[in-house]
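K.L.:
Return a 3D structure for these sequence lines:
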Amino acid sequence: MKFVFLGTGTSGGVPQIGCSCEVCESTDRADTRTRCSLWIIDGPTSVIIDTGPDFRSQCLQNSISHISAIFYTHFHADHVFGVDDIRAYTCLQDQKIPIYLPDFMEERFRACFGYTITEQSPGLTRPKFLLNTIQDQTIRLDNLSFEPAEISHGSERVKGYVFSNGSVRVAYLIDCKSIPEETMEKLKGVDILILSALWKTEKTHPAHLNLTQAIELSRRIGPRTATYLSHISHQMGVHVETQQNLPENILLAHDGLEIDLG
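P.N.:
Numbering: from 1, shown residues only. Take a look at the predicted model:
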């Protein structure tokens, strides 16, 4: 099993439009961040978590040739508005692709993307999905399992996921502000934690963790191997400099970073 960070940026991406700060003008590829998405590969099984507005370019950049299933965390534009780019895969694979939605985002998904889950006239090239709504049930796809893990995004709910191939457990918690105790129980013993961290400054955000808060939460969860930070804004600072000042085993993810779990 391995996973690839397709995108590690916050809703505005990095560089941010109209900004001339040091990060936005950096020539280091690690400082260029598209909207968040994760690709998980285990043998022939190829799973995506979230399809943001940069999804097409992410697929081209990473040579993604097949998608087995897609999981969504919540209905925000930077996590779902690449939906229509899935049409290429439904054409290539000549099949409907299973998608898994938290039950609380189903109504908005149907209202916005209903054309992807209705019967279509022959000859039309549209994404074709098999829609599955999830609450707390574990989803199994070949050798992989995906356990939903509820987190708080300020006043909104988000589904994180703990995915595993039976030997390694990885928690993906994006757009996180706080974690209920029930979810903390699910996170015990995870090997790798992927956690959002918006910026390096000490100012707080009503719906996101800052860097200090993310580090404290990582310590509470205590992943066995490492924590990777994602959903990062240009206010995190230059990648290389910020990384140098982070605690051991807490790492800034960047677009294209591949973690091979063997």
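K.L.:
Do I have it right that L173 meets I179?
P.N.:
Yes - counting by C-beta atoms under 8 Å, I179 is a contact partner of L173 at 7.2 Å. (C-beta placed from N, C-alpha, C; glycine too.)
K.L.:
Which neighbours do these two have in common?
P.N.:
Counting by C-beta atoms under 8 Å, 6 or more residues apart in numbering, the shared contacts of L173 and I179 are I151.
K.L.:
Work out which residue lies at the spatial centre of the chain.
P.N.:
Nearest to the mean C-alpha position of the chain, by C-alpha atoms, centre = their mean, lies S37 at 4.0 Å.
K.L.:
what are the phi and psi angles of the residue lying closest to that one once chain neighbours are set aside?
P.N.:
Leaving aside its sequence neighbours, S37 sits nearest to L6 (C-beta to C-beta, 6 or more residues apart in numbering; 4.0 Å). Taking degrees, to the nearest 10, you get phi -70, psi -40 for the backbone angles of L6.
K.L.:
just checking, L6 touches L60?
P.N.:
No - in this structure L6 lies outside contact range of L60 using C-beta under 8 Å: 10.8 Å.
K.L.:
more crowded one of these two?
P.N.:
Just comparing L6 and L60: by other C-beta atoms under 10 Å the higher neighbour count belongs to L6, 27 against 11.
K.L.:
Report the contact partners of the more buried one.
P.N.:
T34, S37, L38, W39, I48, F55, Q58, C59, Q61, N62, D255, G256.
K.L.:
So it versus L261, what's the distance?
P.N.:
Per C-beta to C-beta, to the nearest Å, L6 is found 17 Å from L261.
K.L.:
Kindly report the same for N132.
P.N.:
Here N132 is placed at a distance of 26 Å from L261 (C-beta to C-beta).
K.L.:
same deal with T27?
P.N.:
As for T27, its distance to L261 is 31 Å (criterion: C-beta to C-beta).
K.L.:
what secondary structure does the residue sitting furthest away from the middle of the chain sit in?
P.N.:
Taking C-alpha atoms, centre = their mean, the residue of the chain most remote from its mean C-alpha position is P122, at 33.2 Å. Under DSSP: H, G, I helix; E, B strand; the rest coil, P122 falls in the coil class.
K.L.:
which residues in the stretch 101-250 of the chain form helices?
P.N.:
Per DSSP state H, counting those that start in this stretch, the stretch 101-250 of the chain carries helices over the ranges 106-113, 181-186, 211-221, 239-244.
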